[in-house]
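# the following comprises the amino acid sequence and a computationally predicted model.
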Amino acid sequence: MEFNAGDVVGGYTVVSVLGAGGMGTVYRATNPTLPRSDALKILSAEFSRDDQFRARFQREADVAATLDHPNIVAVYTRGEFNGQLWIAMQYVPGSDADRELKAGTMTPQRTAHIITEVAKALDYAHRRGIMHRDVKPANFLISPAEHDSDDERVFLADFGIARALDDAAHLTTDGTVMASVAYAAPEVLTGLGVDRRADIYSLGCSLFRMLTNKGPYSGLPGGLAAMAAAHMTAPPPRVTDLVPGLPRALDDVIARAMAKDPEERYQTARELADAAAAAIADSTTAIPRSTLTQEWSTPSPTGAAPRPPTYTTPPAGVGTHSGPAAITYPTGHFSGPHGQTQPRQFVPGPPGRPPAGLPPLPKKSMKSRLVIAGTLLVVIAVVVVGAVMLFNGSSRKTAYKAQTFTHMHGTTQVSEAPTAVAAVGPGDADAVLSLGVQPVAIDSANGPLPSWLHDKITGSPAIMTFVDTNAIQAAKPDLIIATGDLDDATYQKLQAIAPTITRPSDTSQAWNWQTQLHWIARILGRDSDATQLISTSVAQQNDLKNQNSKVAGKTVSVLNISDSGVSQTLTPSNAADFLSSLGLSYTSKLQRQPDDKGVTRAVTDLNKLYLVDTDVLVVVRTDKVAGGGGASGLPSQLVGYRGVMVIVDDPDTIAALAEPGGVLAYQFLDEHFVPNLASEIPG
């Protein structure tokens, strides 16, 4: 449930949206008793129903509430409203380091100041046995100075996945990686021996990004899986490879901060910050402004000139921010890649010693180091072959527990993990393949198998354009998953071939790709993988929303043109949900009503197309004259439309927007559809 200005939650009156992230939305709200604004973070309804995410969210409030430091966003209170959990915290007007990078206002000296202030916050938390676990520039909030002689204030935000070190085993027990992949330490990706030095590694990655505007290992072929593998195997990259004018001493700082072995890193965040500041202040090497890597042309969100002064010539690029500056309070799990950086060989510096006051860290024996190293190699090999735990299911193998499933056509018991699955309902193949299982039969009722499914297939499954029981029987499945509309006669034929499970009989939850993925994951014994995939997808959409901020708030609708007629796509639906995940606002005029039979509503009077008044209109064409993204053959009544019309006639994109969607469908749309959509919408 989204909240609007004037809504009251836990006594707080919503004023405006500050930002949206992986777990929920943050609003600026009026304090119920004091004359001030607070930031109100509300967990999404979907995650509020998830016991693991509820525990994480509540833990965030309890842990963060114990932290009282001038560089940490204060947490005031928490509660629950209509089944959705919320936290009230300090409102920080201004910007964040990620937005300032995109605005082209980050300088090495400013970077040193921000890193130093964040380091103070981290060391304070570490002395209390608390890790942040998601250190990245988007979480470095910046508030402009009140007086010219003052420094801008820096706050570390979003202890969204923080947890006490001595209580680590009680959360994320399934091994899910909750940190942002672009800034994740090797031990975080493998789950081996995580301590405060993982935060220091992430701070080193953040330093690299802020100096170069490129994430470490970003842009590598293979996407996030390759990035994760690089964090575990590749030497740290050099800032001078991207910005030759920077002091070479910074290469050594990054090399030590991003050392694979935690004992070879800086042992406190302050050590790293001091080393970075000293390297940046090195007067023997000039830092020409023109060499700094910049990608965006956005004006400074703070509205005030940063110190040191900003560049005289705005960098070329794209991206805009409009309206009053406000902090985004990001809660995403990872930041997408920005560009490729090349790793190098290096000789790590000597290990440092933790100062007094920090909790002692256990010393690893040489034998344990060898075991860890061997385990790392195994994990790395898994990543390279495409079974990385972040994306294609966990590498852990647990014993399958016998289960009984109550579905629309009866009850089915599954006693062993299926090894030959037939996926014959819409979206079933997407879910099965996303979970790392190769189906023996796939239904592709809407036409040829989309490329985003075909590319994930390694075997030779039967591909059907309808539920062909003869083809399914020849494939010899040991389980059939059929969550589409199925009559009793067809179900009985399938059940005679192999145990068949259809859609769950409990219809209290809306049937979308997330619900479908959870259901199929439960059938396959991969529940935690589904939670992980959904979390990663939410974070990816949030990253895209931040990267394409110019589309935020623009209204959108979908019009379908086929040889049989014209229809409008309703909300909720896969297409509407996807567009909304990018920050667009799907028109409320197309809210699905009880008498609607599906996710579309026929337009019986084309003369009423003049009523379409959204800022963006996505036209999905399957008519016989469609092709090449052209407007030829569209209804003449659309001539008067004054918004941005985006025509979609590519079969793969159409299939990805169709019901019910899925992890692979979203990945395809993110890569192929979103860039075109963003290019069509003016800033």
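Looks like it came in fine. Residues are numbered from 1 along each chain as shown.
# the closest residue to S573 other than its chain neighbours: how many residues sit nearby?
Of all residues not flanking S573 in the chain, V599 sits nearest, at 3.8 Å (CB to CB, 6 or more residues apart in numbering). (Glycine included, C-beta is placed from N, CA and C.) Using other CB atoms under 10 Å, V599 is surrounded by 21 other residues.
# now find how far off-centre the helix or strand containing V538 is within its chain.
V538 belongs to helix 527-547 when elements are defined using DSSP states H and E. Put simply, helix 527-547 sits 4 Å off its chain's centre (CA atoms, centre = their mean, to the nearest Å).
# spatially central residue in the chain, please.
A539 (1.3 Å; CA atoms, centre = their mean).
# and that residue, how far is that from D428?
25 Å (CB to CB, to the nearest Å).
# same check, this time on Q637
In terms of CB to CB, Q637 sits 38 Å off from D428.
# looking at these two, which is more packed in?
Neighbours per residue (other CB under 10 Å) separate Q637 from D428, with D428 holding more: 25 against 17.
# where does that one fall, phi/psi-wise?
phi -60, psi -40 (degrees, to the nearest 10).
# quick check, it in contact with A441.
No. Using CB atoms under 8 Å, D428 is not in contact with A441; the gap is 10.2 Å.
# list the contacts of the residue lying closest to T404 once chain neighbours are set aside.
Spatial nearest neighbour of T404, excluding adjacent residues (CB to CB, 6+ apart): Q413 at 4.8 Å. Counting by CB atoms under 8 Å, 6 or more residues apart in numbering, Q413 touches A402, Q403, T404, F405, P499.
# burial check on D485, number of neighbours?
11.
# likewise for the one 4 residues further on?
By the measure other CB under 10 Å, the count of residues near A489 is 7.
# what of D148?
8.
# for it, helix, strand, or coil?
With DSSP: H, G, I helix; E, B strand; the rest coil as the basis, D148 sits in coil.
# cool, and Q267?
Assignment for Q267 (three-state DSSP): coil.
# you'd agree it is up against R197?
Yes. Q267 is within contact range of R197, at 7.0 Å (criterion: CB under 8 Å).
# just the pLDDT at the closest residue to L584 other than its chain neighbours, thanks.
Leaving aside its sequence neighbours, L584 sits nearest to V556 (CB to CB, 6+ apart; 4.3 Å). What the model reports for V556 is a pLDDT of 95.
# also Q492?
According to the model, Q492 carries a pLDDT of 96.
# same check, this time on K367
pLDDT, K367: 34.
# with the one 3 residues further on instead?
We note a pLDDT of 34 for L370 in this prediction.
# and the spatially closest residue to H407 that is not a sequence neighbour, what does it touch?
Distances taken as CB to CB, 6+ apart put T502 closest to H407, at 4.5 Å, once the chain neighbours are dropped. Listed by CB under 8 Å, 6+ apart, the contact partners of T502 are H407, M408, H409, G425, A482, T483, L486, Y491.
# tell me which of these fall in strands.
H407 (DSSP state E).
# make a markdown table out of the contacts of T502 and add neighbour count and distance to G662.
What follows is these, written out as a markdown table (neighbours: other CB atoms under 10 Å; distance: CB to CB, whole Å):
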| residue | neighbour count | distance to G662 |
| --- | --- | --- |
| H407 | 19 | 19 |
| M408 | 17 | 20 |
| H409 | 20 | 23 |
| G425 | 24 | 12 |
| A482 | 26 | 16 |
| T483 | 25 | 12 |
| L486 | 18 | 19 |
| Y491 | 19 | 23 |
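# which one of the contacts of T502 is nearest R526?
Using CB to CB, T483 is the member of the contacts of T502 that lies nearest R526, at 16.0 Å.
# check contacts around the residue lying closest to that closest one once chain neighbours are set aside.
Of all residues not flanking T483 in the chain, G425 sits nearest, at 3.9 Å (CB to CB, 6+ apart). Residues near G425 by CB under 8 Å, 6+ apart: D443, I481, A482, T483, G484, L486, T502, R503.
# show me the shaky parts of the stretch 51-200 of the chain.
For the stretch 51-200 of the chain, residues meeting the criterion pLDDT under 70 lie at 52-53, 56-57, 60, 159-179.
# just the helices in it please.
Using DSSP state H, counting those that start in this stretch, the helices of the stretch 51-200 of the chain run over 51-64, 97-103, 108-127, 186-190, 197-212.
# can you give me the buried ones in the second one?
So that's helix 97-103. For helix 97-103, a neighbour-count test (16 or more other CB atoms under 10 Å) marks A97, D98, R99, E100, L101, K102, A103 as buried.
# tell me what that helix is packed against?
strand 140-143, helix 197-212 (3 or more CB pairs under 8 Å, 6 or more residues apart in numbering; DSSP states H and E).
# neighbour-wise, which of Q267 and R197 wins?
When Q267 and R197 are compared for neighbours, R197 comes out ahead with 26 against 21, by other CB under 10 Å.
# list the contacts of the closest residue to that one other than its chain neighbours.
In space, and not counting its chain neighbours, R197 is closest to P262: 4.0 Å by CB to CB, 6+ apart. P262 makes contact with A185, E187, G193, D195, R197, A198, Y201 under the criterion CB under 8 Å, 6+ apart.
# so which of the contacts of Q413 belong to strands?
Per DSSP E, the contacts of Q413 map to strands at Q403, T404, F405.
# by neighbour count, which of those residues wins?
F405 (17 neighbours).
# might one say that that one is in contact with P418?
No. In this structure, F405 is not within contact of P418 by CB under 8 Å, at 11.9 Å.
# give the residues shared as contacts by those two.
Counting by CB under 8 Å, 6+ apart, the residues touching both F405 and P418 are I523.
# would you map the strands across the stretch 351-500 of the chain?
403-407, 410-414, 421-423, 441-443, 462-464, 479-481, 500-501 (DSSP state E, counting those that start in this stretch).
# most tightly packed of these?
Most buried of these by mean neighbour count (mean count of other CB atoms under 10 Å) is strand 421-423; its value is a mean of 29.
# quick one: distance of that strand to the chain centre.
Per CA atoms, centre = their mean, the centroid offset for strand 421-423 relative to its chain is 28 Å.
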